[in-house]
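Engineer: Kindly return the folded structure for what I paste below:
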Amino acid sequence: MEDYLLLILVGFIAGIINVVAGGGSLLTLPILIFLGLPPNIANGTNRIAIIIQNIFAIKGFQSKGISSYSFSIYLAIPATMGAILGSLAGVKIEGELFNKILGVVMVLVVAYMVFKPQKNSKQILERITGKHFWLSIVVFFMIGLYGGFIQAGVGFIILVALSSINHISLVKSNAIKVFVALVYTLAAVGVFAYNDSINWKYGLILSFGNASGGWIMSRWSVDKGDKFIKKVLIIMVLAMAIKLWFPDFYSILASHLLEITHGF
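Structural biologist: As a prediction, the model looks like this:
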């Protein structure tokens with residue numbers, strides 16, 4: 001019973017993180033492995049929660065007047081093709097070096113968001129046709145490859161792609177993100193299920209938390225706007241990058257804090 005409550009709590013936090021920024025899987029994957037699942041099965045199991053979370057998040061965005069429009073469908077198609085290929089590798093995942101590479105990617109994401117030049121009135125217009133459309137198709141195929149492989153942190157990459165290539169606001173980008181991730185994750189789950197790499201019980205229990213967090217944050221982020229999302233995104237990217245490069249950092253920090261509190 002305690003394991004189930006832990007899954008729901010961590011899933012709730014991950015759902016909040018995933019919808020407003022990304023990287024919630026960097027919380028849920030270690031918990032699933034801690035509960036005894038091999039890395040490849042934890043990787044597949046986590047996708048069940050992602051699917052349910054994103055269904056609720058889409059409904060949350062729609063309730064606030066933000067819907068996944070036709071551009072989302074165009075992006076979901078190449079992402080799904082990439083995810084099928086990526087998930088074939090994901091069923092056999094290992095990976096400390098991969099975590100360090102992902103940590104670097106996240107720091108680059110923060111650097112881009114902090115130091116990117118301000119857009120003038122012409123640049124603020126969305127760019128979803130012509131060469132920008134086709135560039136997005138190629139980029140989202142590669143995003144699908146990565147998402148199918150491990151999923152963790154893919155939200156950061158999607159937000160940067162939509163912001164830099166298409167000049168889409170963060171609020172709308174989050175709505176597109178959850179739709180695209182829902183579609184390609186359905187395909188990835190098929191591959192993991194075929195390879196018996198899913199613990200359905202843990203996946204469904206985790207889904208309760210993810211769905212709750214996703215629903216709440218999808219509605220709240222629309223009210224708060226882009227500035228709020230950007231601040232949360234930067235904080236989460238840095239926190240996740242530290243976790244990936246220094247896996248024991250937060251455990252050591254927690255132990256030091258406990259020692260300090262015991263001294264009072």
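
Engineer: so where is the stretch 51-200 of the chain shaky, pLDDT-wise?
Structural biologist: For the stretch 51-200 of the chain, applying pLDDT under 70 flags the ranges 68, 90, 92-107, 109-110, 112-124.

Engineer: show me the contacts for the nearest residue to residue 155 once chain neighbours are set aside.
Structural biologist: Of all residues beyond its chain neighbours, the one nearest residue 155 is residue 22 (2.1 Å), with distances taken as Cβ to Cβ, 6 or more residues apart in numbering. Where you see a C-beta, it was placed from the backbone N, CA and C, and this is true even at glycine. For residue 22, the contacting residues are 153, 154, 155, 156, 157, 158, 159, 177, 233, 236, taking Cβ atoms under 8 Å, 6 or more residues apart in numbering as the criterion.

Engineer: give me that answer again for 7 Å
Structural biologist: Neighbour list for residue 22: 153, 154, 155, 156, 159 [criterion: Cβ atoms under 7 Å, 6 or more residues apart in numbering].

Engineer: Specify which member of these is nearest to residue 57.
Structural biologist: When the contacts of residue 22 are compared for distance to residue 57 (Cβ to Cβ), residue 155 wins out at 11.0 Å.

Engineer: Please identify which helix or strand holds that closest one.
Structural biologist: Secondary structure assignment for residue 155, by DSSP states H and E: helix 154-166.

Engineer: Restricting to C-alpha, output stretch 202-210 in PDB.
Structural biologist: As requested, the backbone C-alpha atoms of stretch 202-210 are provided in PDB (Å, rounded to 0.1, in the frame of the first residue of the first chain):
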ATOM      1  CA  TYR A 202       2.300   0.200 -11.400                       C
ATOM      2  CA  GLY A 203       1.700   2.100 -14.600                       C
ATOM      3  CA  LEU A 204      -2.000   2.600 -13.900                       C
ATOM      4  CA  ILE A 205      -1.400   3.500 -10.300                       C
ATOM      5  CA  LEU A 206       1.200   6.100 -11.300                       C
ATOM      6  CA  SER A 207      -1.400   7.400 -13.800                       C
ATOM      7  CA  PHE A 208      -3.600   8.600 -11.000                       C
ATOM      8  CA  GLY A 209      -1.000  11.000  -9.800                       C
ATOM      9  CA  ASN A 210       0.200  12.100 -13.200                       C
END
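
Engineer: what's next to it, contact-wise?
Structural biologist: Taking Cβ under 7 Å, 6+ apart as the rule, stretch 202-210 contacts 4, 7-12, 14-15, 28, 32, 35, 37, 45, 48-49, 52-53.

Engineer: What of stretch 77-85?
Structural biologist: Outside stretch 77-85, the residues within contact range by Cβ under 7 Å, 6+ apart are 137, 140-145, 147-148, 180, 183-184, 187-188, 191.

Engineer: out of those, which one sits closest to residue 64?
Structural biologist: Here the nearest of the contacts of stretch 77-85 to residue 64, counting by Cβ to Cβ, is residue 180; it sits at 18.8 Å.

Engineer: Next, the buried residues of stretch 185-195.
Structural biologist: Neighbour counts using 16 or more other Cβ atoms under 10 Å place 185, 186, 187, 188, 189, 191, 192, 195 of stretch 185-195 among the buried residues.

Engineer: still on that earlier bit, buried subset of the contacts of stretch 202-210, written for ChimeraX?
Structural biologist: The buried residues among those can be selected in ChimeraX (16+ other Cβ under 10 Å) with this line:
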select :7,8,10,11,12,14,15,28,32,37,45,48,49,52,53
